[in-house]
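Participant: let's see this in three dimensions:
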Amino acid sequence: MSIGIGCFIKDQYDELLKISSDSENMDSTWEEWLKNKERAKQEMSNKGVICVDVKVDLFELMDYCQKERLLVNGKSRARFVQYLLSSGKNR
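Facilitator: Numbers count the residues shown, from 1 in each chain. Take a look at the predicted model:
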């Protein structure tokens, strides 16, 4: 089994926190997010799950959420990552 993992751009992370309706549940810094992402990937890998990094550009995410009439939150970020992965647009 494989899953997509959203990879946020360091220079955009602070803005992502500002526009996310669930920012209180997010890591407060990009460095903290990166550390937790790598730990989660390792844990999933240990369980046989293949994790695919999917670059998330903040402006593309905002555009996607606006078109889909979604708040920017964990659910919409995951949906966007899945969209990128399934459409072959992951980089």
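Participant: identify all contacting residues around the strand or helix carrying residue 76.
Facilitator: Secondary-structure element containing residue 76, defined by DSSP states H and E: helix 74-86. Contacts with helix 74-86, where a contact means CB atoms under 8 Å, 6 or more residues apart in numbering, come from 4-6, 20, 22, 25, 52, 54, 56, 60-61, 64-65, 68, 70, 89-90. Placement of C-beta: from N, CA and C, glycine included.
Participant: again, only using 10 Å
Facilitator: Residues from elsewhere that reach helix 74-86 (CB atoms under 10 Å, 6 or more residues apart in numbering): 2-8, 16, 20-22, 25-26, 52-57, 60-65, 68, 70, 72-73, 89-91.
Participant: just those: which are in helices?
Facilitator: Taking DSSP state H, the ones among the contacts of helix 74-86 that sit in helices are 16, 60, 61, 62, 63, 64, 65, 68.
Participant: among those residues, the buried ones, what's the PyMOL command?
Facilitator: The following PyMOL selection, which keeps only the buried ones among the ones in helices among the contacts of helix 74-86, applies the criterion 16 or more other CB atoms under 10 Å:
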select buried, resi 16+61+64+65
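Participant: adding distance to residue 79 and pLDDT, write the ones in helices among the contacts of helix 74-86 out as a markdown table.
Facilitator: Compiled in a markdown table, the ones in helices among the contacts of helix 74-86 are given as follows (distance: CB to CB, whole Å; pLDDT from 0 to 100):
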| residue | distance to residue 79 | pLDDT |
| --- | --- | --- |
| 16 | 15 | 98 |
| 60 | 13 | 97 |
| 61 | 10 | 98 |
| 62 | 14 | 98 |
| 63 | 14 | 98 |
| 64 | 8 | 98 |
| 65 | 9 | 98 |
| 68 | 8 | 98 |
